[in-house]
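Student: What follows is a predicted protein model with its sequence.
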Amino acid sequence: MGIFKKLGWFFKQEKKSYVIGVTCLILVSVLQIISPRIIGITIDDIGASRLTMSILLTRIGILVAVGVAQYLLRYVWRTNIWGSAAKLEKTMRRRLFHHFTQMDNKFYQKYRTGDLMAHATNDLGAIEGVAGSGILTFADSLVNGGVTIIAMILFVDWRLTLIALLPLPLLAITSRRLGSKMHEAYKEDQAAFSSINEKAQESITGIKVIKTFGQEEEDIADFDSKIDFAIGKIKRVMWLDSMFDPLITLIIGISYVLTIIFGSLFIMRGDITIGQLVSFIDYIAMLIWPMFAIGRLFNVLEKGSASYDRVQELLDEESVINEPENPIREKAQGDLHVKVDEFKYEAAEEKIDLKQIDFTIKEGHTLGIVGKTGAGKTSILKLIMREYDNYQGAITFGDHDIKDYAFDSLLTSIGYVPQDHFLFSMTIRDNIRFAVPKATEERVIKAAELTAVHEDIIGMPEGYDTMVGERGVSLSGGQKQRLSIARAVLVEPELLILDDALSAVDAKTEEKILSNLKASRGNKTTIISAHRLSSVMHAQEIIVVDEGQIIERGTHQELLALNGWYTKMFEQQKLESKIEGGDA
Ligand SMILES: Nc1ncnc2c1ncn2[C@@H]1O[C@H](COP(=O)(O)OP(=O)(O)OP(=O)(O)O)[C@@H](O)[C@H]1O
C-alpha cells in the first residue's frame, strides 16, 4: 500500500479523474447487487404463486436498465482510470528522459545502457500498472466486496454472512506475508532483467568483435547463464503469485460448503427463504472477483512499488556538473585560457591525470595537441567542455570562467567532434544539420563540401536523403568522420574541437579539409588533437602532452628545433608515409 503514498503527488494532480472513476466503480458495484436480489424475490414469488406478467415485465425492465447503466458507468471509469494511468506513464517517462539528458559522465559510467533501458521500459510499465489496474483492483476489491457483503447482510441474513466469511482472515494473513516477499522477489527479478538487457545491448553492439574473435559460443553461454538466473527470479515471483489463486479458490469453496450446510438449516428453521439462499449463493459468486482482485492487487502494488524505488533511485542521482544560480547567458567567445593545476578522474585514486596544464589560444587561432596514446589529450578537451568540474585551476572562455556560463551559452559555442563518432538513424542531411534542424540546403552542402564529403554523398543512391545509422547504408570510417566534422562545422562554432577526428581520412583529404577549415573559419578558434603530426603542423601553437603534462610547446618549426619527442615523431611519421608511398 506504500506505493499509493509514494504516488500521492500524482493522485492529487489527477484527483478529478480518479474521483469520477472511483465513483462510477462504486455505482457499478451497487447496481450489481440488484440482479441477484430480483432473481431471489422472483423465485420466492414463483414458489408462492404470486408472480404476474406485469411484475415479471417490470423486473425484466429493471434488469435491462441496470445492465445499460452498468455499461455506461464502466465506460466512464475505464476512460478516467486508464487515461490517468497513461498520463502517469507519460509523466514518469518524460521525467526520466529529462533526467538522463541532465546527467554527467559519472552517471553513465555507473549505469549501463541496458540497465537504463530496463528502467525506462519494464519499471515504468509496472508503475503505470499501479495507477491503472492497481486502483481498479483496489476499488473493486474493497467496494465490490464491501457492497456485496452489505447486500448479503441486508437482504439475506447477517449470521449466514458471518459464517460464509469465516475463512476470509486466512486470505488477509497470507496476503500480508506474501506481499513483502513479493516486493523483494520482484526487485531481484527486475535487477536480473536489467542484466539481461545490458548483456543483449552489449552483445548486439559488439557483435562484430565477438564474431571476429570467434567468441559466439562463449557469448551465448554467458547470455544463457544470465537468462537462467533471471528465469530463477521470475519463477520465484510466479510461485509467490500463484500461491494466491489456489488459496482464493479454497476460501470460496469452503464458503460455498458452509453456505449450503448452514443455509439449508436456516431454511428449515424458517429464518430465510429458498429465494434468499439463491441470492446468497449468487452474492458469494460475486465475491470471487473481489478476492482475486485482492490477490492481483498485491502483485500489482508490490511490483509497482519495487519499480518505483528503482526509478526513484535513478532520479535521486544528482549531476555534479551544474549551472550557477545566475549563469551568464551571453555566447561564450574570445580567447580561451586553460590553467589546470591538477585533475584526477577519481579523487580517491593516487594517479593524477592532468597537471600543470597551462595554455592560451587567441581567438581565431588554432592549437594542436599531440602526444602518445593515454597522454591526456582528450582529458584536456573534456575539461574545456565541462564534462568534469573537479579540477584545481580555472578555464576561461572570453571574459568568464566556463563554470559561470549557462550550459547552452557555453556548449553551443563549441563544436566537438569526438574520436568515437556517432551518427543517428536518420538521413545524411538530418545528421549534418542535427544541431541546426532548420539549416538550409545550401548550408548543409557547404558544410559537406568543407569537409570533403559532398562528392561521396552525391555518389550515394539517394544522395543527402540516404539513411545512415543501424538501419541505413554502411559508411566507411573516413566518411563517418567527415560527416561528424560537417555536423560540427555547420554550427559555425566559436571553438571547433577535432579530437583525433581525422585519423581515418587519408593524408591528402586531411590536408584539403584543414585548408578549407582555415579559409572558412575566419576569426574562429580551433583545437586539433591528433596522432598524425600533419594534422597540427599549421597550428599557431602545438603542445606535446605526456603523462598528463605539457612536455614541449611551440610552433612546428620551434618544436623541430627542440629536437625532442615531436622531432622524433615527425621523422618517424615522415619515413612511414614515404614507405607507404604517401606524399604527406
Ligand atoms: N572516465 C575516465 N575515468 C578514469 N580514468 C580515465 C577516464 N578517461 C580517461 N582516463 C584516463 O586518463 C588518462 C588520459 O586519457 P585520455 O583519454 O585523455 O588520453 P589521450 O591522450 O586522449 O589518449 P588517446 O590518444 O589514446 O585518445 C588515461 O590514463 C586514461 O586511462
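Tutor: Received, thanks.
Student: okay, the residue nearest to Arg93 when sequence neighbours are not counted: pLDDT?
Tutor: Using Cβ to Cβ, 6 or more residues apart in numbering and skipping residues adjacent in sequence, the residue nearest Arg93 is Leu124, 5.8 Å away. For every residue, glycine as well, the C-beta is placed using N, CA and C. Here, the pLDDT recorded for Leu124 equals 91.
Student: got it, and the one 4 residues further on?
Tutor: Model confidence at Glu128, expressed as pLDDT, equals 90.
Student: What of the one 4 residues further on?
Tutor: Among the per-residue scores, Gly132 holds a pLDDT of 88.
Student: Which positions within the helix or strand containing Leu124 qualify as buried?
Tutor: Per DSSP states H and E, Leu124 falls inside helix 124-129. By 16 or more other Cβ atoms under 10 Å, the buried positions in helix 124-129 come out as 124, 126-129.
Student: Enumerate the residues of this protein near the ligand.
Tutor: Listed as neighbours of the ligand in the chain under the rule Cβ under 6 Å from any ligand atom: 345, 353, 371, 373-379, 419, 500.
Student: Least confident of these?
Tutor: For the residues of the chain next to the ligand, the least confident entry is Gln419, with 83.
Student: re earlier: how close does the residue nearest to Arg93 sit to Met92?
Tutor: Distance of Leu124 to Met92, given as Cβ to Cβ, to the nearest Å: 5 Å.
Student: Also Glu184?
Tutor: 22 Å.
Student: Looking at the two, which is more packed in?
Tutor: More crowded of Glu184 and Met92, by other Cβ atoms under 10 Å: Met92, with 23 against 14.
Student: What's the mean pLDDT across the helix or strand harbouring that one?
Tutor: Per DSSP H and E, Met92 falls inside helix 53-102. Average pLDDT, helix 53-102: 92.
Student: residue contacts, Val444?
Tutor: For Val444, the contacting residues are 429, 432-433, 464, 490, by Cβ atoms under 8 Å, 6 or more residues apart in numbering.
Student: Run through who's touching the helix holding Leu124.
Tutor: If you take Cβ under 8 Å, 6+ apart as the criterion, helix 124-129 is touched by 7, 85-86, 88-89, 92-93, 96, 186, 190, 300, 303-304, 306-308, 311.
Student: so Met243 touches Thr174, yeah?
Tutor: Yes. Using Cβ atoms under 8 Å, Met243 is in contact with Thr174, at 7.1 Å.
Student: Need the residue closest to the centroid of this structure.
Tutor: Ala120 (3.1 Å; Cα atoms, centre = their mean).
Student: and that one, what is it in contact with?
Tutor: 93, 96-97.
Student: ok so, going back, now, of the residues of the chain next to the ligand, which are buried?
Tutor: Among the residues of the chain next to the ligand, those classed as buried by 16+ other Cβ under 10 Å are 345, 353, 371, 375-379, 500.
Student: still on that earlier bit, which among the contacts of Ala120 end up buried?
Tutor: Looking at the contacts of Ala120 with 16+ other Cβ under 10 Å, the buried ones turn out to be Leu96.
Student: Which of the contacts of Ala120 sits closest to Ile163?
Tutor: Arg93 (49.6 Å; Cβ to Cβ).
Student: number of nearby residues for Glu216?
Tutor: Neighbours around Glu216, by other Cβ under 10 Å: 12.
Student: Quick check: it vs the ligand, distance?
Tutor: To the ligand, Glu216 is 29 Å away according to Cβ to the nearest ligand atom, to the nearest Å.
Student: Equivalent analysis for Thr466, please.
Tutor: The gap separating Thr466 from the ligand is 30 Å, by Cβ to the nearest ligand atom.
Student: Trp77 too?
Tutor: For Trp77, the distance to the ligand equals 52 Å [Cβ to the nearest ligand atom].
Student: Report all helices and strands that the helix or strand hosting Arg176 contacts.
Tutor: Assigned by DSSP H and E, Arg176 belongs to helix 168-205. Helices and strands touching helix 168-205, by 3 or more Cβ pairs under 8 Å, 6 or more residues apart in numbering; DSSP states H and E, are helix 113-118, helix 216-268, helix 274-316.
Student: tell me the most buried of the ones you listed?
Tutor: Highest mean neighbour count among those (mean count of other Cβ atoms under 10 Å): helix 274-316, with a mean of 21.
Student: so it versus helix 168-205, what angle?
Tutor: 40 degrees (axes from the mean of the first three to the mean of the last three Cα atoms, to 10 degrees).
Student: the inter-axis angle of helix 274-316 versus helix 216-268?
Tutor: Using the same axes, to 10 degrees: helix 274-316 against helix 216-268 is 150 degrees.
Student: Give the residue spans of this protein that score low on pLDDT.
Tutor: 1, 469-473, 580-584 (pLDDT under 70).
Student: Domain-wise, how is it divided?
Tutor: What automatic domain parsing lists as the domains of the chain is 88-316, 418-492.
Student: Any chance of JSON lines for those, columns distance to Glu363?
Tutor: Listed next are the domains of the chain as JSON lines, based on distance: least, Cβ to Cβ, whole Å:
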{"stretch": "domain 88-316", "distance to Glu363": "28"}
{"stretch": "domain 418-492", "distance to Glu363": "14"}
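Student: in the stretch 401-550 of the chain, which spans are strands?
Tutor: Assigned strands in the stretch 401-550 of the chain, in chain order: 414-417, 495-499, 525-529, 541-546, 549-554 (criterion: DSSP state E, counting those that start in this stretch).
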